Every structure is written in structure tokens, then in C-alpha cells.
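[1] predicted coordinates and the sequence they were generated for:
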Amino acid sequence: MIRFENVGMRYGAGPEVLHDVSFELAPGAFRFLTGASGAGKSSLLRLMYLFHRPSRGLINVFDQDISMLRRDDLPALRRRIGVVFQEFRLLDHLSAFENVALPLRVGGHGEGLIRKNVGELLEWVGLKDHMNARPATLSGGQKQRVAIARAVISRPALLLADEPTGNVDDRIAMRLLYLLEALNRQGTTVVVATHNQALIERFDYPSMHLEDGILHSRDVPGRGPEVSR
């Protein structure tokens, strides 16, 4: 699904923010990504999402060497990736329902399927009574749930979530993690960046830990290691 080999990344002419990052994720893996603020978590997710190219090293996603891809090839790959951004990136002129429905509309799905699936998912994340609300009228936690619903609605092959539970209480956080876990059981590879150590400890999944731009693995006993430096 994903392979990094000795990847380094810098912004412009600045210093490297990621150093010699190497790891592999098999299809269907679930990983937490941990590290202090500034450790490079968001930068690593941007590389996985193909939003940036590395300054050095090899990145292979869906059996594609991204250094060999043209810019025009990237949108098709990105459509197989669901992303939950810290800043939500909701479209302010659309309702919560229409924001979540957007990936299905882009994919050409029928209106009946869209209404059924979007309605059920928004009810699951506790937004049944806010389907027609626009982002400006929603709280930070409600926006977070809309963003997560939009990311998972098309059942992507790869889901990248950057602090997906940062604006919700513990009860909603658990419910959202159960949603990501259910998606993972259906075959989606999931990477969740989070500071919430208590939440991590409640789920039996390995972690990748970033410290000063260097990646370490923390595998759970009883599971085969799939991540290595």
C-alpha cells in the first residue's frame, strides 16, 4: 500500500523536517502516528497524500513510484485516499450533507445512493439534526465530524486522519475511532495522527512515532511488525 525508503523532506530552502524515513504499510493495516507538535506528523501525512514530493528518497503508493508520475496522474491516485485535515477544509457555501456528499457526486454515484449513505453516516456521527446546517453555524467538534464523514463516505483504499478527535469529547472520540476501525475491517488502510495517548491505549494497534523528524516503530505484542526504520 505504502513504502517509504530513506525519505527526506524540507520546505523550500529550509532545513529538513523529516530525515531518512523508511517504513512499509501492508493493505489493511491500521497505524497510529504519534509525536510532539513540530515532530513532522503533518508533513509525513502530506507526503502520503501526495500533496508534496520528497526532497530525497523513494515513495511508492498503490504500487506507483511517485517520482515517475506526471502532475496530471496525481488526481486519480488522490481519489483513492480519504483525508481528514486539522483545519477541516469544508466548503462554507455547502450544507453538512452536501459537503459529505461531494466525493460521491464527483464519483458519479446516483442520487438515491447518495441520500441513503450520507444520511446514515451523518446520523452515525451524531449530526442527524444538522444535515442542512452550513459550516459557519457548526461548532468545532461538529465540523470535525463532518470532515471525517466526508473522508470515509467513499470507502477509500487509504485513509489519513490528522488529529481527527482533537475537537470532540471522549465519547464522540471513541465513536469516531470505532467508525475508522469498522472501515479498516472492510479493507481500508488507516493512519491516525494523534496526541491522545489514552485513546491509543484503548485500541490494539501499533504506532509509528516521530521524534525530531526521525521515525520509530512501536509494535503491539502479538501482531507481526509491518513498520520498520
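    Yep, it's here. Numbering: from 1, shown residues only.
[2] tell me where the protein has strands.
    Assigned by DSSP state E, the strands in the chain fall at 2-10, 16-25, 30-34, 56-61, 64-65, 81-84, 158-162, 189-193, 207-211, 214-218.
[3] for the most centrally placed residue in the chain, give its distance to residue 121.
    Central residue of the chain (Cα atoms, centre = their mean): residue 160, 1.4 Å from the mean position. Noted for residue 160: a distance of 18 Å to residue 121, by Cβ to Cβ, to the nearest Å. Backbone N, C-alpha and C define where each C-beta goes, glycine included.
[4] got it, and residue 38?
    According to Cβ to Cβ, residue 38 stands 33 Å off from residue 121.
[5] burial of the closest residue to residue 197 other than its chain neighbours, as a residue count?
    Leaving out its chain neighbours, the residue that sits closest to residue 197 by Cβ to Cβ, 6 or more residues apart in numbering is residue 34, at 7.6 Å. By the criterion of other Cβ atoms under 10 Å, residue 34 has 21 neighbours.
[6] swap in residue 123?
    12.
[7] what does residue 20 give?
    Residue 20 has 16 nearby residues by other Cβ under 10 Å.
[8] who touches it in this structure?
    Residue 20 is in contact with 6-8, 57, 214, counting by Cβ atoms under 8 Å, 6 or more residues apart in numbering.
[9] mind naming the longest helix for the protein?
    Longest helix in the chain, counting residues (DSSP state H): helix 170-185.
[10] show me what it is packed against.
    strand 30-34, helix 140-152, strand 158-162, strand 189-193, helix 197-201 (3 or more Cβ pairs under 8 Å, 6 or more residues apart in numbering; DSSP states H and E).
[11] report the buried residues of it.
    Under the neighbour-count criterion of 16 or more other Cβ atoms under 10 Å, helix 170-185 has 172-173, 176-177, 179-180, 183-184 buried.
[12] closest to residue 197 among these?
    For the buried residues of helix 170-185, the residue nearest residue 197 by Cβ to Cβ is residue 173; the value is 12.5 Å.
[13] name the nearest residue to the closest one, sequence neighbours excluded.
    Counting by Cβ to Cβ, 6+ apart, residue 173 lies nearest to residue 165, which is 3.7 Å off, once chain neighbours are set aside.
[14] so that neighbour sits right up against residue 194, yeah?
    Yes: the criterion here is Cβ atoms under 8 Å, and residue 165 meets it with residue 194 at 6.6 Å.
[15] which of those two has more neighbours?
    Between residue 165 and residue 194, counting by other Cβ under 10 Å, residue 165 is the more crowded of the two (25 against 21).
[16] next up, the contacts around that one.
    By Cβ under 8 Å, 6+ apart, the residues touching residue 165 are 144, 172-173, 176-177, 194, 196, 199.
[17] quick one: pLDDT of it?
    We have a pLDDT of 80 for residue 165.
[18] going forward, begin numbering at 15 instead of 1
    I'll keep to 15 as the first residue from here, and by that count the last item is residue 179.
[19] in stretch 158-170, what counts as buried?
    The neighbour-count check on stretch 158-170 (16+ other Cβ under 10 Å) flags 158-168, 170 as buried.
[20] partner residues bridging the residue nearest to residue 211?
    residue 223 (DSSP bridges).
[21] wait, it sits on residue 219?
    No: with contacts counted by Cβ under 8 Å, residue 48 stays clear of residue 219, the gap being 11.4 Å.
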